[in-house]
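J.: heads up, no residue letters with this:
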């Protein structure tokens, strides 16, 4: 897979061309949106390594550690883009089309959504009451 991705960073944008597993991982991140990806729903032998490589390319990715139960309790990471991204597939993998990700909610809202399993509107309301207007803008 080879993709062309444009990241909307604050007032500027940056374009990258990615191929192979880095392209696949970026496409997965964009497709997952604010909910992010984790190895349990996006299996890859070295997902954390691909995320690390994207981070070294200055792709803004948030890592949230989550606890899990079951026969082997522990933690796993969930990774999500913290900016808007537009992807164009150049070859392989997905159909040749443009995917646009909706703007990511502010960090305070994302954390409330993930911690409590709430939809974005409810999390925004809680963030507004708990942290004030500034929590909705940053």
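T.: In hand now; what should we look at? Remember, predicted model here, so these are calculated numbers, not experimental data. Numbering: from 1, shown residues only.
J.: contacting residues around residue 60?
T.: 7, 9, 81, 82, 83 (CB atoms under 8 Å, 6 or more residues apart in numbering). Just so you know, the C-beta spots here come from the backbone N, C-alpha and C atoms, and that holds for glycine as well.
J.: My read is that the fourth one contacts residue 109, right?
T.: Spelled out, it's residue 82. No. Residue 82 is beyond contact range of residue 109, at 11.7 Å (criterion: CB atoms under 8 Å).
J.: Centre-most residue in the protein?
T.: residue 80 (2.0 Å; CA atoms, centre = their mean).
J.: May I have the predicted confidence score for that residue?
T.: If you check residue 80, the pLDDT there is 93.
J.: ok, it - contacts?
T.: Taking CB under 8 Å, 6+ apart, one finds 29, 32, 33, 34, 35, 36, 37, 61, 62, 64, 104, 110 in contact with residue 80.
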